[in-house]
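Trainee: What shape does this take:
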Amino acid sequence: MALGRNGMAATSHPQATLTAIEILKAGGTAIDAAVAACAVQCVVEAGSTGVGGDCFVLLSNGGGNKIVAYNGSGRAPEAAALDWYESADISEIARNSPHAVTIPGAVEAWARLVADHGRMSLRELLAPAIEMARGGYVLTQRVVHDIALQRDLLAREASTRTTFLRDGMVPEVGDTQAQPRLADLLESIGAHGPDAFYRGDAARQMVSYLRERGGLHTEADFAGAHGEYVEPISARFRDYDVYECPPNGQGIVALMILKILGRFTPKPDPLDPENLHIEVEATRLAYAARDALLSDGQVPVDYLLSDTLADELASKIDLDRAIDPLPTFDGVEHRDTVYISVVDKDRNAVSFINSIFHPYGSGLMEPSTGVLFHNRGQGFSLKRGHPNVIAPGKRPMHTIIPGMLVRHGRVQMSFGVMGGHYQAMGHAHFLAKVIDHGLDLQAAADLPRLFPLPGTSVVEMEAPLRGLVQTTFQAKGFKVQPPAWAIGGAQAVWIDWEKDTLLGGSDPRKDGCALGY
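Mentor: Numbers count the residues shown, from 1 in each chain. All right, here's what the predicted structure looks like:
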């Protein structure tokens, strides 16, 4: 673990963590540091996040239990009616399609949160990212790994090919890249605020680019983009209150899993097969409910977080066998993001998550602005009657979820776990290891992971777990397989109020680190 007293930051990239610490030392608040760190990641870890993506945030001023939540997720264009897709004979939204691009919400969220909770200007906060985008940055191991996996996608467009590949090939660790067009845009945002993104030349260029490819976007859609403060949701786990953002995010699913886990007494070993079996089954049940009910609409939050439902779902878990049959629903894919946790000297705590969905999003980059668009529109269903069906101005179901842990009226931990679908289970898994088993933040992040693919009996397991429990799981009716890539990525900061110190951890599956001072 990292330890400090005056401030702590944990991110998935070392340059972002260092930037956050520098902002804190310069007198910035936790939200100032988080935005500056995120902007850096939009440059140096462009496969995971960007100005063409979305943002969700939880924050506490002074570490109190009045948790503020902000939903910075973007909406579908006003012309995106289901009738249009049906008349165009489009039955699903392709990743590389302009229809996968909802109006990006990140930049508006940054500006609003800094104005309301920060001390520094956007110009100051974006300066480190601008310098790296213009002057160049070094490629780390995980970034190169992600480029390799997405090479074919990146080779499709001249803008992504020239930016992220080297003569059409995957660059090497230690190579440098630059994004001068993105630097210019960030500089303009710093000088003129979010209007530099959502109005004027940049918006016209982005709209023109998307419409040339068949998109329904308009300049009015960009000009009307806005996030909103929302009321966080919470549930009790052991002696703690766990806070999440409400739907259209899947934070409610993490709370459902925790409520199910709370019905069981864990075995002492955190990797005991019985503990893992219960986690897997709780996840399968909660995700089934997610796919059936979660949307940007009327979600039965009280029912999903009720003790009655938790009791009912827990009773379905048989320790000897996998639940079969398990309800299946119209699912959608969810992949990549970055997570940032920051606590400052005044104990302002920020849980900050920013995403472009799949690695390198849609693969669509508007060349004159350098904006790489996310593919969050793939989170919509095109099935008439589905709660998550696309509609004008509607937000898709999101997997990105920041978390906050509260005890005795004060924030105990700011935390998050990246990894698309995995994030809700990742929150529950991480908290259970810290709270039930007393692991420190780094030890909990280091543990090997598993994840049941929603709606199936397939369980992905990292190699160390396959050696320990694969045979046991297969005997219970699960199909075990290796993950396509490392499962998730956690960052967390713990506040020790008695000692007046901060503790941080950062996932080894990413390039980043935690730093305190």
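Trainee: What residues are bridge-paired with the nearest residue in space to Pro402 that is not next to it in sequence?
Mentor: Residue nearest to Pro402 in three dimensions, not counting chain neighbours: Ser351, with 3.6 Å by Cβ to Cβ, 6 or more residues apart in numbering. For every residue, glycine as well, the C-beta is placed using N, CA and C. Counting by DSSP bridges, Ser351 is bridged to Leu58, Ser341.
Trainee: which intervals of the chain have sub-threshold pLDDT?
Mentor: 291-298, 326-336 (pLDDT under 70).
Trainee: Pull up the gap between Thr29 and Val40, please.
Mentor: Using Cβ to Cβ, to the nearest Å, Thr29 is found at 17 Å from Val40.
Trainee: More neighbours: which of these two?
Mentor: Between Thr29 and Val40, Val40 has the larger neighbour count (other Cβ atoms under 10 Å), namely 29 against 25.
Trainee: my guess is the more buried one meets Ala16, correct?
Mentor: Yes: at 4.6 Å, Val40 counts as touching Ala16 under the criterion of Cβ atoms under 8 Å.
Trainee: Can you give me the neighbour number for Glu212?
Mentor: 9.
Trainee: and the gap between it and Ser60?
Mentor: 44 Å.
Trainee: Name the residues that touch the helix or strand containing Val143?
Mentor: Assigned by DSSP states H and E, Val143 belongs to helix 141-149. If you take Cβ atoms under 8 Å, 6 or more residues apart in numbering as the criterion, helix 141-149 is touched by 12, 44-45, 47-48, 139, 154, 164-165, 170-173, 175, 336, 359-360, 485, 509-511.
Trainee: Report the buried members of these.
Mentor: Among the contacts of helix 141-149, those classed as buried by 16 or more other Cβ atoms under 10 Å are 12, 44-45, 47-48, 139, 154, 164-165, 170-171, 336, 359-360, 509-511.
Trainee: Show me the residues you listed that map onto helices.
Mentor: Counting by DSSP state H, these place Val44, Leu154, Phe164 in helices.
Trainee: Looks like the last one contacts Tyr360 (just checking).
Mentor: Yes: with contacts counted by Cβ under 8 Å, Phe164 reaches Tyr360, the gap being 7.4 Å.
Trainee: any common contacting residues for those two?
Mentor: With Cβ under 8 Å, 6+ apart as the test, Phe164 and Tyr360 both reach Ala46, Ile147, Leu154.
Trainee: and the gap between the first one and Leu165?
Mentor: Same thing as Ala46. With the distance defined as Cβ to Cβ, Ala46 ends up 12 Å from Leu165.
Trainee: give the contact list for Asn348.
Mentor: With the criterion set at Cβ under 8 Å, 6+ apart, Asn348 makes contact with Thr29, Ala30, Ile31, Leu59, Ser60, Asn61, Gly62, Gly63, His117.
Trainee: Pull out the buried members of these.
Mentor: Using 16+ other Cβ under 10 Å as the burial test, the contacts of Asn348 include Thr29, Ala30, Ile31, Leu59, Ser60, Asn61, Gly63, His117 as buried.
Trainee: now the strands for the stretch 351-500 of the chain?
Mentor: In the stretch 351-500 of the chain, the strands defined using DSSP state E, counting those that start in this stretch lie at 365-366, 371-372, 403-407, 410-418, 450-452, 458-461, 479-481, 489-496.
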